[in-house]
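>>> fold the following, please.
(2 chains)
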2 protein chains.
Amino acid sequence: MGSRVVVIGGDAAGMTVASAVRRALPEDDEVVVLERGSWTSYSACGIPYWISGEVGAPEELVARGVEQHRANGIDVRMGVEAIALDPEARTVSLRDGDEVSYDRLVLATGAEPVRPDLPGIDGTGIYGVQTLDDGQALIDGLAEQPRRVVVVGSGYVGLEIAEACIARGFDTTVIERSATPLSIIEPALGEQVAAAMRQHGIRLLAGATVTGFTLDDAGRVSAVTTEDESIAAELVVLGLGVTARSGLAAEAGLPLGAKGGIVVDEHQRVVGFDDIWAAGDCVVTKDRVTGDLVHVPLGTHANKQGMVAADSIIADLSGGTPRISFPGVVGTAITKFCALEVSRTGLGLEQAREAGFDPVAVSIETTNVAGYMPDAKTMTVVMIADRSTRRVLGAQIVGAEDAALRIDVAATAVAAGLTVDDVVMLDLAYAPPFSSVWSPVQVAARAAVKAIGRAPG
Amino acid sequence: MGSRVVVIGGDAAGMTVASAVRRALPEDDEVVVLERGSWTSYSACGIPYWISGEVGAPEELVARGVEQHRANGIDVRMGVEAIALDPEARTVSLRDGDEVSYDRLVLATGAEPVRPDLPGIDGTGIYGVQTLDDGQALIDGLAEQPRRVVVVGSGYVGLEIAEACIARGFDTTVIERSATPLSIIEPALGEQVAAAMRQHGIRLLAGATVTGFTLDDAGRVSAVTTEDESIAAELVVLGLGVTARSGLAAEAGLPLGAKGGIVVDEHQRVVGFDDIWAAGDCVVTKDRVTGDLVHVPLGTHANKQGMVAADSIIADLSGGTPRISFPGVVGTAITKFCALEVSRTGLGLEQAREAGFDPVAVSIETTNVAGYMPDAKTMTVVMIADRSTRRVLGAQIVGAEDAALRIDVAATAVAAGLTVDDVVMLDLAYAPPFSSVWSPVQVAARAAVKAIGRAPG
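Predicted structure coming up:
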């Protein structure tokens, strides 16, 4: 009889682990996946585009369905909810009363939308968006043709949902606590996003705090209240971010960090628990710039962490040593609001100060193509650098087409520990239809060099 | 009386040096620029878009005109050709018989189109494209409405000119000696470019060697001959690449490298000549991967080298030490042919072999956005990596919109010496309208890891 690897959660991280482990282990080892929902291996990031109608059906967001995973030899159990785990006994208790024992356990339980403890929050018509099942519920809600939609929060999920709502013709209000939307970028860039939102017909209430939800007699939401006013709404979407779905881990005594993320080592092994790994939106991971443990729920990390966890489990079961590790993240994010593209990587100015750096922030405007080409569009690039080490700490971009993806140069530079001087001297792609002779991130790096002063010879 | 800095050549490199030196030096120092042509500080790379009509007038390609430079205190002398230099006497002789003495000299003489020594090559109607004056001559030639245009060579200038010619409705043939166009990319990718050229109505003669040009009685070209056939043509464009315009340097005994490029140190100082600097298309520069000296004429390098030369001259004249140096290039290039985007960086497979690496090349197909998004387009990414060090040596991309600029991640990775494993773990921008969960260059890096095998634990 072989070993049994049990994975809790059947989305990106969980199914990546299960698939890689299944391929590597001998046939008499078992790989069991417990998924409480109705879908496996789907793109949660694609949900806003399903809601907007750009993606026609939820099946299109599914990279690999249950039957495919089963055909690959994975024992996927759908609609099965784990409610407790016993690390000593190496068992998982299920809601239906059953118990599953494991030799190696993987927690890939994902994240859950923040639902602040406000009056009326549990009313009908108030939606979070995290899973495909959540997405279906929201689509069903929108099918009832609410006259007015309120989105609470303007992080990237909030923004994408708001865009989907105006694309579908709903009267849409976005309420944001900060003075500008999209708090992952500097306020000056946030102003550009705010202007674009208003230009596209969204009512943006910035600097407004939601105090509760008015429900009608049937328990259905009818308004969102702030400190100053009441905004009528038949449907509300919560875009307040997510926290790790780690109740199971917490109750079992596993170590938790920021936003409830499970603390793991560089092989995704839960610290202090040799038989348990965790990956994806339920973990905290190292910020490569500060060294801090941060909660950055994103499919791209889930996939990598799943790959790393599988490598470690395979090494563990086969008596080898793991060959890869997860180095952490630099906080790269990208989104768009209508035609406005937004991206960021590394630390913002305040984050850099809080982390103990002596940062300088510069902001430049440049074009996406050579300035003399027809249809050259402007973008703003912000760069944050450390005065003493001259390292690039972060960058942010807001602009029209072909702007936001330039952040990948900065993301690579931050990960590689490059200085502003290094970035100035990079050999980046140049031809008039693609870039000016100095690429946008280099224009920002030159401004940073000017702000810091050239290094002494 | 102060020092006199003389710069020969008034385009990107020369005017960058002149401007920076002028700003830094005391007022009684002189900065003199000798330019044999009619333009300063222009984008030679923009010439194909002027020829196509996308850019309306040559003035639009000029970043800064003669009068602006003069207003900034630079003594720009137009139409003045240097014909000899005497490093001992520190003098430059001019075609008009005058002589200019210098304390510090900068050679920024650019490049000149390769004109092979073939019968008829000096006929009327045969054009090279390097300077704005060349561009004007070609435009004047095209204004005579030649029935048939032949472009000899299919490097990126050849391709861009061919695109401009079909955009303007000319019957266009491209003759290329290699089996596929654009020899800076792997042949399999070149096939995609060939298909796009033919699809857009270009007659592509690949694997064909030009043997000469047939001239009519007036000395005007009437046909281009290859080993196999004669192709009627009223206008011919030579796109056979360029060599450094370094005759002046050669006659003065300055050291020359590949394609006649002047050999300089990391401060752009001519090796063995303490009072002479050189920058831009007339120099050879270090390939950061192989360490070899290579000739890579491109405006983006000219600007950086000009900045570095200026820093060194200022340090030299003020008794300081230079604060920046030019680290070399990784051979990044980008172009497009109609809707097909093409880019490359680092070494190709053959180059890597010749440089003594033990390379592996992988080729993958992926999409520019998440596969489930509407209008997802396919791109091919090739990655070349070294088996023993696992370093990324190069990458190439061919694809539709939003494909080619992804090369900048690879260019940064090559410059930073990252391994394929490092690239797999980069935190690159992910959202469905911008990328799949694994960014294109990462998909290639994963394939490279698979081809090499994971590193032992």
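
>>> flag every buried residue along stretch A:121-135.
A:121, A:123, A:125-132, A:134-135 (16 or more other C-beta atoms under 10 Å in any protein chain shown). In this view, the C-beta of every residue, glycine as well, is placed from N, C-alpha and C.

>>> distance to residue A:174 and pLDDT added to those residues, as a markdown table?
Putting those into a markdown table (distance: C-beta to C-beta, whole Å; pLDDT from 0 to 100) gives the following:
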| residue | distance to residue A:174 | pLDDT |
| --- | --- | --- |
| A:121 | 18 | 97 |
| A:123 | 19 | 96 |
| A:125 | 17 | 97 |
| A:126 | 15 | 97 |
| A:127 | 15 | 96 |
| A:128 | 16 | 92 |
| A:129 | 14 | 89 |
| A:130 | 19 | 86 |
| A:131 | 22 | 89 |
| A:132 | 24 | 90 |
| A:134 | 19 | 91 |
| A:135 | 19 | 93 |
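
>>> so which of the residues you listed also contact chain B?
Among the buried residues of stretch A:121-135, no residue is within reach of chain B (C-beta under 8 Å from any C-beta of the partner chain).

>>> domain assignment for chain A?
Under automatic domain parsing, the residue ranges defining each domain of chain A are A:4-44+A:54-111+A:242-318, A:115-238, A:333-450.

>>> most tightly surrounded among those domains?
Among these, the stretch with the highest mean neighbour count (mean count of other C-beta atoms under 10 Å in any protein chain shown) is domain A:333-450, at a mean of 22.

>>> quick check: mean pLDDT across it?
Averaged over domain A:333-450, pLDDT sits at 97.

>>> before we move on, what about stretch A:97-115?
96.

>>> stretch A:52-67 now?
Rounded mean pLDDT across stretch A:52-67 is 93.

>>> residue A:392 against residue A:421, yeah?
No: using C-beta atoms under 8 Å as the test, residue A:392 is too far from residue A:421 to be in contact (9.9 Å).

>>> which helices and strands sit right next to the longest helix along chain A?
Secondary structure assigned by DSSP state H gives helix A:299-318 as the longest helix of chain A. If contacts are counted by 3 or more C-beta pairs under 8 Å, 6 or more residues apart in numbering or on different chains; DSSP states H and E, helix A:299-318 sits against helix A:12-24, strand A:104-107, strand A:276-278, strand A:283-286.

>>> need the buried residues of stretch A:121-135 in JSON lines with secondary structure and distance to residue A:32, can you?
Shown next, in JSON lines, are those (DSSP: H, G, I helix; E, B strand; the rest coil; distance: C-beta to C-beta, whole Å):
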{"residue": "A:121", "secondary structure": "coil", "distance to residue A:32": "35"}
{"residue": "A:123", "secondary structure": "coil", "distance to residue A:32": "37"}
{"residue": "A:125", "secondary structure": "coil", "distance to residue A:32": "37"}
{"residue": "A:126", "secondary structure": "strand", "distance to residue A:32": "35"}
{"residue": "A:127", "secondary structure": "strand", "distance to residue A:32": "31"}
{"residue": "A:128", "secondary structure": "strand", "distance to residue A:32": "28"}
{"residue": "A:129", "secondary structure": "coil", "distance to residue A:32": "29"}
{"residue": "A:130", "secondary structure": "coil", "distance to residue A:32": "24"}
{"residue": "A:131", "secondary structure": "coil", "distance to residue A:32": "20"}
{"residue": "A:132", "secondary structure": "helix", "distance to residue A:32": "21"}
{"residue": "A:134", "secondary structure": "helix", "distance to residue A:32": "25"}
{"residue": "A:135", "secondary structure": "helix", "distance to residue A:32": "26"}
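
>>> including distance to residue B:384, could the residues you listed go into a markdown table?
Output for the buried residues of stretch A:121-135, formatted as a markdown table (distance: C-beta to C-beta, whole Å):
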| residue | distance to residue B:384 |
| --- | --- |
| A:121 | 55 |
| A:123 | 58 |
| A:125 | 55 |
| A:126 | 53 |
| A:127 | 48 |
| A:128 | 46 |
| A:129 | 42 |
| A:130 | 40 |
| A:131 | 41 |
| A:132 | 39 |
| A:134 | 43 |
| A:135 | 41 |
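
>>> about what we covered before: of all the helices and strands packed on helix A:299-318, which lies closest to residue B:302?
For residue B:302, the closest of the helices and strands packed on helix A:299-318 is strand A:283-286, at 40.7 Å, according to C-beta to C-beta.

>>> find the nearest non-adjacent residue to residue A:241, please.
residue A:114 (5.2 Å; C-beta to C-beta, 6 or more residues apart in numbering or on different chains).

>>> what's around that neighbour, how many residues?
Here the number of neighbours of residue A:114 (other C-beta atoms under 10 Å in any protein chain shown) works out to 15.
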